[in-house]
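# Structure, please.
(one chain, ligands or ions: 1)
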Amino acid sequence: MKKISGNQYIKKKGNILYLDGIEMAHISKYSDTPIMIFLEARIRDNIRNFKNLIEKEFKKASIFYSFKANYLYEICEIIKSEGIGAELISLSELNLAHRLKFPPNKILAGGPYLDKKFIEQSIINEIEEIVVYSISDINRINSIAKKYNKIQNLCLRINSQKYDSRLGMNLFKHELNQIRLYNERCKNIQFTTILSHYSTQMNNINQFTKNAELLTEAFKKLQNSGVKIKNINFGGGFPEAAIMPQSQLKLIFSKIHNILKDQGIEYEEIYFEPGRFLVGDAGIFIAEIIKKTEDRWIFLNIGNNICPKFSKSSFRFYNASKIDQSHKYKTSIAGIIPTDQDVLAKNYFFNDNIEVGDKVLITNAGAYTLTFSNRFPYELPSIFLINEDTIHKIFDPRKDHDFSLKLFPA
Ligand SMILES: Cc1ncc(COP(=O)(O)O)c(C=O)c1O
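Next up is the predicted model:
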């Protein structure tokens, strides 16, 4: 059998396409298109590969899955069962993590907008760290921690220094002074970690190197100001596992390790917060061709409403009904939203003989697609989870209505 899209759980034999142990043609029987499918074994493989590599390179390392990449209950449940922590940005995500019984010491929570309830719940539940993006939040957290008689670990998010980046602290002199003062005076917080999440879809090793240099510089600046940091958090930003070969990942970790060593940084633990790498290539869409034109435009019954460009995914398109044919004919693919702007791909290599009704497989769709999906008035797709030769529906738009996190109250 031949792998499709660099993913060993998507294979073809002649004109038959298999998703793990299940023939794609069988799946179409369960539901009309468009449908979304997640491959459990792929998520588990991605986690284990990432984990193995960091454990080989670093003395002490932890992974915190970035829930925003995909916060479906069943997906986060798989991740939890592999012993991975959670990186959260909202109270709804925190409620979901509680329902899934993530241990508090495996939860990092924070972001640019820390509302009082989110801080309160994080503190009451004794989560490992709150991540602060602006200095003004430090005092707020200290006051709330004092009220509940707790000492809260804090992680400082450092600005990536890329052009136009507004997230995180720059550690200018006055900011360092302020942090030092808080460190001395605020008895209900302690600074334990620094974080820099550099970018998304980082294919170039230099981006990881830059991030490591930025973090070592921040570590030293804080140390020289009397603020001793224990842990270093590199954030996420890895591409889909199918896009980044293991050898490249290994090289990245070894480079990071060497930079920290060469700079004499004495840290206790290193953290990573991958989102896309763990789930991106485990998610696929099956859509259908609803129209074609003379000049090789095809129109699918799915579009940027649920398969958004904003997700920055490495989408790949295949004619699943003619999977044995060579895909070498330039074709443009339009989505279902009635605007000329809903283009999924232009001049994409597709098969020659295209027919209305053909099924189209879209791979690498597991991360940020649902997160950035919008409420354009089309029905949401059914979502299935496949594991070996079992399949079950984890989302039915007719019954479940919405996959929004509002479904997970405290
Ligand atoms: C702080 C932080 N950590 C982790 C992530 C996850 O990134 P990715 O899914 O690209 O690995 C993000 C994404 O924006 C982030 O902002």
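# the longest helix in the chain is where?
The helix that spans the most residues within the chain, counting by DSSP state H, is helix 205-224.
# all strands of the stretch 51-200 of the chain, in order?
61-66, 85-88, 107-111, 129-132, 152-157, 189-195 (DSSP state E, counting those that start in this stretch).
# Could you spell out the sheet neighbours of the longest one, each with its direction?
In this case it means strand 189-195. Strand 189-195 has the following strand partners under DSSP bridges: strand 152-157 (parallel), strand 231-233 (parallel).
# Next, the residues that contact that strand from outside, please.
Surrounding strand 189-195, the residues in contact under the criterion CB atoms under 8 Å, 6 or more residues apart in numbering are 129, 131, 138, 141-142, 145, 151-158, 168, 179, 182-183, 215, 218-219, 222, 227, 229-235, 271, 273. Placement of C-beta: from N, CA and C, glycine included.
# quick one: average confidence on that strand?
The pLDDT scores in strand 189-195 average 98.
# Tell me what angle it forms with strand 107-111.
An angle of 80 degrees separates the directions of strand 189-195 and strand 107-111 when computed by axes from the mean of the first three to the mean of the last three CA atoms, to 10 degrees.
# ok, back up a step: of the strands paired with strand 189-195, give the one that comes closest to the ligand.
strand 152-157 (6.9 Å; CB to the nearest ligand atom).
# Show the average pLDDT along the closest one.
Model confidence over strand 152-157, given as mean pLDDT, is 98.
# partners of whichever strand or helix holds Ile289, with directions?
When secondary structure is defined using DSSP states H and E, the element that contains Ile289 is strand 283-292. When sheet partners are counted by DSSP bridges, strand 283-292 sits next to strand 35-39 (antiparallel), strand 297-300 (antiparallel), strand 359-363 (antiparallel).
# Centroid-nearest residue for this structure?
In the chain, the residue lying closest to the centroid (CA atoms, centre = their mean) is Gly275, at 2.2 Å.
# Which residue is the nearest non-sequential neighbour of that residue?
Ala69 (2.8 Å; CB to CB, 6 or more residues apart in numbering).
# quick one: the one you found and Tyr267, what's the gap?
Noted for Ala69: a distance of 26 Å to Tyr267, by CB to CB, to the nearest Å.
# Give me the more crowded residue out of these two.
Here Ala69 and Tyr267 are compared on neighbour count by other CB atoms under 10 Å; more neighbours surround Ala69, at 26 against 18.
# Burial check on Ile354, number of neighbours?
Considering only other CB under 10 Å, Ile354 is surrounded by 18 other residues.
# try the one 10 residues further on
Neighbouring residues of Asn364 were enumerated by other CB under 10 Å; the total is 25.
# List the buried residues for stretch 328-345?
For stretch 328-345, a neighbour-count test (16 or more other CB atoms under 10 Å) marks 331-336, 342, 344-345 as buried.
# what does stretch 391-404 give?
Going by 16+ other CB under 10 Å, stretch 391-404 has these buried residues: 391, 394-395, 403.
# Just the C-alphas of it, formatted as PDB.
What follows is stretch 391-404 as a C-alpha-only set of coordinates in PDB (Å, rounded to 0.1, in the frame of the first residue of the first chain):
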ATOM      1  CA  ILE A 391     -15.200   4.400  13.700                       C
ATOM      2  CA  HIS A 392     -17.500   6.500  15.800                       C
ATOM      3  CA  LYS A 393     -19.200   9.800  15.400                       C
ATOM      4  CA  ILE A 394     -18.000  12.400  17.900                       C
ATOM      5  CA  PHE A 395     -20.000  15.300  16.500                       C
ATOM      6  CA  ASP A 396     -23.400  15.200  14.900                       C
ATOM      7  CA  PRO A 397     -24.600  18.700  13.800                       C
ATOM      8  CA  ARG A 398     -28.200  17.600  14.000                       C
ATOM      9  CA  LYS A 399     -27.900  16.500  17.600                       C
ATOM     10  CA  ASP A 400     -25.000  18.400  19.000                       C
ATOM     11  CA  HIS A 401     -25.600  21.700  17.200                       C
ATOM     12  CA  ASP A 402     -22.200  23.200  17.900                       C
ATOM     13  CA  PHE A 403     -18.800  22.200  19.000                       C
ATOM     14  CA  SER A 404     -18.300  25.500  20.800                       C
END
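# That stretch: how far from the chain's middle?
On the basis of CA atoms, centre = their mean, to the nearest Å, the separation between the geometric centre of stretch 391-404 and that of its chain is 21 Å.
# try stretch 277-292
The chain centroid and the centroid of stretch 277-292 are separated by 17 Å, computed with CA atoms, centre = their mean.
# Can you read off the pLDDT for the nearest residue to Lys101 once chain neighbours are set aside?
Closest residue to Lys101 apart from its sequence neighbours, by CB to CB, 6+ apart: Lys80 at 7.2 Å. Here the pLDDT value assigned to Lys80 is 98.
# Report the secondary structure element holding the residue of the chain most remote from its centre.
Using CA atoms, centre = their mean, the residue of the chain lying farthest from its centre is Glu294. It sits 38.5 Å away. Secondary structure assignment for Glu294, by DSSP H and E: no helix or strand.
# Okay, Ala211 and the ligand: tell me how far apart.
To be clear, residue 211 is Asn; Ala isn't right here. For Asn211, the distance to the ligand equals 11 Å [CB to the nearest ligand atom, to the nearest Å].
# can you pull the buried residues of the helix or strand of the chain with the lowest mean pLDDT?
The helix or strand of the chain with the lowest confidence, counting by mean pLDDT, DSSP states H and E, is helix 24-30 at a mean of 86. Within helix 24-30, the residues that qualify as buried by neighbour count (16+ other CB under 10 Å) are 24, 27-28.
# With respect to Tyr73, which of these is nearest?
Within the buried residues of helix 24-30, proximity to Tyr73 (CB to CB) peaks at Ile27, which comes in at 20.9 Å.
# wait, what's in contact with that closest one?
The neighbours of Ile27, taking CB under 8 Å, 6+ apart as the test, are 19, 35, 37, 286, 384, 391.
# Then Lys60?
Neighbouring residues of Lys60 by CB under 8 Å, 6+ apart: 268-270.
# pLDDT at it, what is it?
Looking at Lys60, its pLDDT reads 98.
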